[in-house]
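Engineer: coords please:
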Amino acid sequence: MKMKSAGLLVTCLMCIIAVNGFCEEPKFVPLTWKMVSDVRNELPNLNYYLSEPFSIRINEQNNGTTYGINDGILVPGENNHSSKPIEFTTDVTGTLDNIIDVPRGREVLDIYFPDNTKKNIRLKFARNMHKDRFELVSAVINANNYNLRFPGEAPYLKIQAKLNIPDIQARAVPISDERNYSSTGSVFISTINQVTEHPQYGALSIAGQGSSSKSTIMKYIKLVNNNASDRIMDELIGWYIFEAHQEGIDHDFAIAQMCRATSFLRNERLMQAYNYAGFTSTPGWPGRFSSMRQGVIAHIQHLKGYTSNVRPCDLKSPLYDPRWDMLNSFRGRIYTLEGLSQKWAPYNARVYENDIRTIINEMRRYSFL
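Structural biologist: Residues are numbered from 1 along each chain as shown. This is a model prediction of the structure:
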């Protein structure tokens, strides 16, 4: 009888300990900015894991310095294709090599992960704007830096932790319209930046029709910034949807840019200047617009300038975009977020691209919550 009582007591104690989180089994959880901040000096002691398996296929275009002859005609040499993709799995352990503090506090973690080629390639993970994970943005292969592109959400860093919290899993949500979306299966194939990316592999178009409703967008912004004014949001989002539709611009895209530039309507300087795209001042333009609608029109006109040589269709309004003439060298040649990021944020293109993708993904996902 005493043995049964003792066994029951041990069982109860184990249950109590488990409930209070002292004896939790390690769980895989996303590495967050808060975790990094709290244990920054101890980060080299952590084991790192990938959230998704993926592979990198290097496909470098020929630089034109070698040639061949075909039927008496001089032709460029064949492209140099890698013979074997570099594969990464979720069951390998990565080690921290370096922490890079970039402008605006967007830390980048350099992690060495074993791969099937045994090159121990260094992968770079950047903190996203919501501080909830570190996403894969680039790789260093044979001392060369490469930006990475994925058909859906990029893999992110996970760690093992004894925390009394539920497992967190990422949902892959198509970035563009489902009819133009293609997945490679459980293993993601990323294309190195020397190769032009086909639109179906996750490229996000500037032109098109947005899919998020005004009410959904307002709820999403309110979720991020609880202090956002309902009155201002209602008018601002309404103008964005209307003006984007007039010019054939995806309003989800434009609104995502606005949210990033204004820090979800928190930036009082830009909000009061109606400068929702965050344009810097130019000769003859002081950096502010005279009304909310004028600021929205200028932003949409600027996006229109990237995708088309045609002037904005609303000829009843003047050209409000103060940077319209600056687009002349590449006007009508840029159609996707990937291309625009190189011009809009040339010194921080990959991070900027990830931020816009994240906002659009979350905004569209919020429609289903």
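
Engineer: how many neighbours does Glu69 have?
Structural biologist: One correction, residue 69 is Ile, not Glu. With neighbours defined by other Cβ atoms under 10 Å, the count for Ile69 comes to 8. Placement of C-beta: from N, CA and C, glycine included.

Engineer: Quickly list what it is bridged to.
Structural biologist: Counting by DSSP bridges, Ile69 is bridged to Leu74.

Engineer: For it, report the pLDDT, please.
Structural biologist: Residue-level confidence at Ile69 comes out at 72, pLDDT.

Engineer: so where's the stretch 151-300 of the chain shaky on pLDDT?
Structural biologist: 151-152, 163-203 (pLDDT under 70).

Engineer: and with 50 instead?
Structural biologist: For the stretch 151-300 of the chain, applying pLDDT under 50 flags the ranges 166-201.

Engineer: which residues in the stretch 251-369 of the chain form helices?
Structural biologist: 251-261, 268-272, 292-307, 337-344, 349-365 (DSSP state H, counting those that start in this stretch).

Engineer: I misspoke; the intended subject was the stretch 101-250 of the chain.
Structural biologist: So, for the stretch 101-250 of the chain - with DSSP H, counting those that start in this stretch - the helices run 214-224, 230-247.

Engineer: Any chance of those in a markdown table with mean neighbour count and distance to Glu87 as columns?
Structural biologist: As requested, those are exported to a markdown table (neighbours: other Cβ atoms under 10 Å; distance: least, Cβ to Cβ, whole Å):
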| stretch | mean neighbour count | distance to Glu87 |
| --- | --- | --- |
| helix 214-224 | 18 | 36 |
| helix 230-247 | 18 | 41 |
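
Engineer: Which of the helices of the stretch 251-369 of the chain sits closest to Arg127?
Structural biologist: Closest to Arg127 of these is helix 349-365 (Cβ to Cβ; 9.0 Å).

Engineer: Gln272 - how many residues pack around it?
Structural biologist: Residues near Gln272, counting by other Cβ under 10 Å, number 9.

Engineer: re the thing from before, out of the helices of the stretch 251-369 of the chain, which is closest to Ile111?
Structural biologist: Among these, helix 349-365 sits nearest to Ile111 (Cβ to Cβ), with 16.2 Å.

Engineer: what bits of the stretch 1-150 of the chain have low per-residue confidence?
Structural biologist: The stretch 1-150 of the chain contains residues with pLDDT under 50 at 1-11, 13-23, 61-65, 79-82, 103-104.

Engineer: what does the longest strand seen in the chain contact?
Structural biologist: If you go by DSSP state E, the chain has its longest strand at strand 134-141. Applying Cβ atoms under 8 Å, 6 or more residues apart in numbering, the external contacts of strand 134-141 come out as 30-31, 36, 50, 54, 56, 58, 86, 107-110, 119, 121-128, 145-148, 150, 153-157, 350-351, 354.

Engineer: Give me the buried subset of those residues.
Structural biologist: 30-31, 36, 50, 54, 56, 58, 86, 107-110, 121-128, 146-148, 150, 153-157, 350-351, 354 (16 or more other Cβ atoms under 10 Å).

Engineer: if we can go back for a sec, counting neighbours, which bits of the longest strand of the chain end up buried?
Structural biologist: So strand 134-141, judged by 16+ other Cβ under 10 Å, has buried residues 134-139, 141.

Engineer: ok so, going back, now the helices of the stretch 101-250 of the chain in CSV, with distance to Val296?
Structural biologist: Output for these, formatted as CSV (distance: least, Cβ to Cβ, whole Å):
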stretch, distance to Val296
helix 214-224, 13
helix 230-247, 4
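
Engineer: Which of those helices sits closest to Ile359?
Structural biologist: helix 214-224 (8.6 Å).

Engineer: how far does that closest one sit from the chain's center?
Structural biologist: In terms of Cα atoms, centre = their mean, to the nearest Å, the gap separating the centre of helix 214-224 from the centre of its chain is 19 Å.

Engineer: by how many degrees do it and helix 349-365 diverge?
Structural biologist: Interaxial angle of helix 214-224 relative to helix 349-365 (axes from the mean of the first three to the mean of the last three Cα atoms, to 10 degrees): 120 degrees.

Engineer: Span of stretch 278-286 from start to end?
Structural biologist: 13 Å (Cα to Cα, to the nearest Å).

Engineer: got the buried residues for it?
Structural biologist: Buried, per 16+ other Cβ under 10 Å, within stretch 278-286: 278-279.

Engineer: So which residues make contact with that stretch?
Structural biologist: 261-262, 270, 287, 298, 302, 322-323, 326.

Engineer: ok, now which ones touch Arg293?
Structural biologist: 239, 243.

Engineer: From Tyr276, how far off is it?
Structural biologist: Noted for Arg293: a distance of 11 Å to Tyr276, by Cβ to Cβ, to the nearest Å.

Engineer: Surely Leu46 touches Lys158?
Structural biologist: No - Leu46 sits out of contact with Lys158 when judged by Cβ atoms under 8 Å, with a separation of 10.5 Å.
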